[in-house]
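>>> sequence? don't have it. structure:
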C-alpha cells in the first residue's frame, strides 16, 4: 500500500512527475472513478476473477489519486480516509463490535439505516443546515436508476409503500396506461417524457420488492439482447438475407428462431 502511495506522489510531483497526472483535478478524475466502479461490476457479472483483481486495483487507484490531490491541498491524507472508514465500520456494526444484537440480514440493514440517520442528525446540529426529511442524505449525482431505488426505499422506511409487489405492478400498469394516453393524444414531447419517467420510476420499485437490483437486471437484459441479436445476424447471413431490406416480419421470424433454439441465453 505504501508503495502505491509513493508511486502516486511521484506521478504528481510538479517537477519530475507525469504531465497528464499533474494536470488532473477532482473534477477531471471523477468520471474515471465512476467508470472503474462499473468495470468492477462487469468483471463480477462475467465471473472473471482475474479481471476482478485487476479492476479492483484500478478502482483503488482512484481512491489513492483523490487522496493525493487532497493531501497536496492540505485537506486530508489517504490515512485519514482509511481511519475514518475504519471508525465508521465499527460504529455501524455495534452487533459485532458492541453489545447490540442483529440476528438476520434484515436486522442489520435496519440497524445500519438507524445509525446513518443518527449520524445525519449529528451533522445537522454541528453546523450543517438541518434537513429532517426522510429523503435526506441522497446524493444528487447518483445514476438515476440508483437514486430512484433509494427514494423508494427511504419513503418505505416511514411506511409510504405497498404491502407487496402486486401493488407496485398495478402502479406500473397505471403509469403505462398514462404513457399510452399521452402518446395517443399527442400531448407533446414534454408530457410524454414525464409519463415515461413515471413508468421507469415505478419499474425501479419492482426491483426493491422482489429483491432484484435494477442495474443488474438491465445489464443481464442488455447482454441477452446483444447475444441474441448477434446470433440473428449470423442466421441472416447464412440464409443470404439482407437485414437492411428484410421486412419486419422476416426479422421477427429470425429472432424467434434464435430465441427458440435455446443456444443463446
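Here it is on my side, so go on. Quantities reported herein were computed from a predicted structural model and do not represent experimental measurements. Numbering: from 1, shown residues only.
>>> which residue lies closest in space to residue 179, excluding its sequence neighbours?
residue 195 (4.2 Å; CB to CB, 6 or more residues apart in numbering). For the C-beta atoms, the positions are set from N, CA and C on the backbone; glycine is no exception.
>>> how much space between the one you found and residue 183?
For residue 195, the distance to residue 183 (CB to CB, to the nearest Å) stands at 8 Å.
>>> the more surrounded of these two?
Regarding residue 195 and residue 183, a neighbour count based on other CB atoms under 10 Å identifies residue 195 as having more, with 20 against 13.
>>> residues contacting residue 236?
242-243, 246, 254 (CB atoms under 8 Å, 6 or more residues apart in numbering).
>>> residues of whatever helix or strand residue 182 lives in that come out buried?
Residue 182 belongs to helix 165-184 when assigned by DSSP states H and E. Residues of helix 165-184 classed as buried: 168-169, 171-172, 175-176, 178-179, 182 (neighbour count, 16 or more other CB atoms under 10 Å).
>>> now, which of the contacts of residue 236 sits nearest residue 68?
Nearest to residue 68 among the contacts of residue 236, counting by CB to CB, is residue 243 at 50.5 Å.
>>> setting aside sequence neighbours, what's the nearest residue to the closest one?
Ranked by CB to CB, 6+ apart and with sequence neighbours excluded, the top spatial neighbour of residue 243 is residue 236, at 5.2 Å.
>>> and what of residue 40?
Residue 40's closest residue in space is residue 55 (CB to CB, 6+ apart), at 4.6 Å.
>>> count of neighbours near that neighbour?
Using other CB under 10 Å, residue 55 has 20 neighbouring residues.
>>> what about it, distance to residue 46?
Residue 55 is 11 Å from residue 46, by CB to CB.
>>> and if you look at residue 165?
The gap separating residue 165 from residue 46 is 29 Å, by CB to CB.
>>> just residue 10 next, same as before
Distance from residue 10 to residue 46, by CB to CB: 33 Å.
>>> one more: residue 13?
For residue 13, the distance to residue 46 - CB to CB - is 37 Å.
>>> show the contacting residues for residue 137.
Contacts of residue 137 by CB under 8 Å, 6+ apart are 116, 120, 131.
>>> tell me which of the residues you listed is nearest to residue 86?
Closest to residue 86, out of all of the contacts of residue 137 and judged by CB to CB, is residue 116, at 17.0 Å.
>>> and what about the closest residue in space to that closest one that isn't next to it in sequence, helix, strand or coil?
Distance criterion CB to CB, 6+ apart; nearest residue to residue 116, sequence neighbours excluded, is residue 137 at 7.1 Å. Assigned by DSSP: H, G, I helix; E, B strand; the rest coil, the conformation of residue 137 is coil.
>>> for residue 13, same thing?
Residue 13 ends up coil, using three-state DSSP.
>>> let's have the chain start at 14 instead
Let's use 14 as the start, then, which means that last one is residue 26.
>>> just list the residues touching it, thanks.
So residue 26 contacts residue 35 (CB under 8 Å, 6+ apart).
>>> same thing with residue 103?
residue 110.
>>> check residue 214 too.
So residue 214 contacts 161, 188 (CB under 8 Å, 6+ apart).
>>> give me phi/psi at it?
Per-residue torsions, residue 214: phi -60, psi -40 (degrees, to the nearest 10).
>>> could you do residue 225 as well?
Residue 225 adopts backbone torsions of phi -130, psi 120, taken as degrees, to the nearest 10.
>>> skipping adjacent residues, who's closest to it in space?
Per CB to CB, 6+ apart, closest to residue 225 is residue 219, 7.7 Å.
>>> hmm, that neighbour is touching residue 179, no?
No. Look at residue 219 against residue 179 with CB atoms under 8 Å: they stay out of range, at 10.5 Å.
>>> which SSE is residue 174 in?
Applying DSSP H and E, one finds residue 174 in no helix or strand.
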